[in-house]
Every structure is written in structure tokens, then in C-alpha cells.
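>>> got a predicted structure here, sequence first:
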Amino acid sequence: MKLCYALWGDGLGPVLLGPEFRAALAAAGATMLQVNVDDADVAAAKLRITTFDTPVSALVSVWTGGNHEGISAVVAGAGAAGAGAVRAAARSAGWEVEERVPLAPPVTPDGERWPALAQVGFLRIPADLDEREWRHRWQGSHTNVAIATQATFGYIQNRVLRTIMGSDRVDAVVEELFPMAAISDIHAFYGSGGDDAELRRRLGLMLESVTRFGAHENLDIVPTSRYVWTLAAG
């Protein structure tokens, strides 16, 4: 089971990347942890979109073979195992997701930041589409367009199965890895090699595709740094 948590607050990086947080999650039954945090390494990123009332500061993804209650308590800093673990978080929301990996990210050593712009997107189904058709347009046809028109080298789609913390509406969480140059260079983002005509072609295809399933509006885009650990579950 994979769980995704959005966190808000200042100075979350040192807490979420610290050994106490990992130990508390492992004790609660987590087997793997991924932390995506909006930090100094991606501060210059130009693409930022916020539908939440305030921008998301971090995404915490946790894998577990058990239930979510203990892990959610750690993330919220509310349970005995996680008391004080994430006190820096001003707010948190969480979802159980179904993970699909169209383009597997590189494997990185535990705790090592991959030199990439790890872009996180929070998607919502538009009112004029039912879930089945939305999913078909997103995962069925958009996936290949996204990979073909952008310089991604890692692409993960997380479809929300249920909300496990908070009341924020999210229907999917998307993770994409781009070269670091994509932070400030749109050609590096779209892989158009400095060719303006090719950039326009790719932008047109991408906009047409995201519009078909409503991802051109009512979404959040958060630039992050990405870290992964394998945990020894307690």
C-alpha cells in the first residue's frame, strides 16, 4: 500500500529528512519512504501553480504492508510513535493511492538527492467528466503525450483511492523528474533542444492533451527535491 501526504509549513526539510522521522515511520510499519520538499535547490523554479489555499511545502510518500493509522499519526505528529516527529508541519492531508509507473525514475542511494527537478502535481477530476472517462483520458492517452513532449526521465501516476487525512479534494498525485536546467530553461523542460518551432509544437500537443482531462486548471504544481529511503519496518 502506498500513502501520499501533502504537508504545509516552513522549515520542513530538516525534520522530514532527519533520522527521527524515519525511525518513527519504520516503527509504525513503513517499509519505504520518499520525501519531496520545496527547498533552496528548486527555489528558482518558475512553474508554480496553487489551487490549495496556500502552496504545498512537501510531499511525503510511504509504503507499508499494514494499515495507515500509525503512519498517519507519525506524519501528523500526533501518535505516540511520532510525537513531535513532524511538529514543524502546520497542516497535513493524506491519501491512499494506486501507483502506476509509466517511466521508472533512476535508483538512488538512500538519502541522496538526485540532481533533478522533481515536479509534483495534484489533479482533480473536472465536473463534466466521470471518473472512468477521466482516467481513460489521463492514463490511457495522455501518458504517451507527456513522455513524448517533455524531457522527463521519471514519471509516476498516483490515483487516489481514498482520503485518509484531512478533507482536501485530490484525485491524483503526479510525480515527474526533469533535468535541473528545466528550472529556468523552458527548452530543457520540454526537451526541444533550443528549437523554438519544436517547442511550440510540443507545447501545443501538451496543452491539447491536458485540456482533454481537465489538468489545465484546478491543479497544483510544486517543484521539489526528491529523496528516497528503504526502511526496516518495526
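Nice, I can see it.

>>> what residue ranges in this structure score low on pLDDT?
Low-confidence segments of the chain (pLDDT under 70): 78-88, 233-234.

>>> repeat the analysis, applying 80 as the threshold.
Within the chain, the stretches with pLDDT under 80 are 77-89, 233-234.

>>> residue closest to the middle of it?
In the chain, the C-alpha nearest the mean C-alpha coordinate belongs to residue 120, at 3.7 Å (C-alpha atoms, centre = their mean).

>>> give me the element that residue is part of.
Element membership of residue 120, judged by DSSP states H and E, is strand 116-123.

>>> from residue 4, how far off is the residue nearest to the centre of the chain?
Going from residue 120 to residue 4 by C-beta to C-beta, to the nearest Å gives 9 Å. To be clear about C-beta, it is placed using only N, CA and C from the backbone, and glycine gets the same treatment.

>>> equivalent analysis for residue 37, please.
Applying C-beta to C-beta to residue 37 and residue 4 gives a distance of 14 Å.

>>> helix or strand next in line after the longest helix along the chain, which one?
Ranked by number of residues, the top helix in the chain under DSSP state H is helix 196-212. Once the chain leaves helix 196-212, the next helix or strand it forms, by DSSP H and E, is strand 220-230.

>>> so that following strand versus strand 116-123, what angle?
When axes from the mean of the first three to the mean of the last three C-alpha atoms, to 10 degrees is applied, the directions of strand 220-230 and strand 116-123 differ by 120 degrees.
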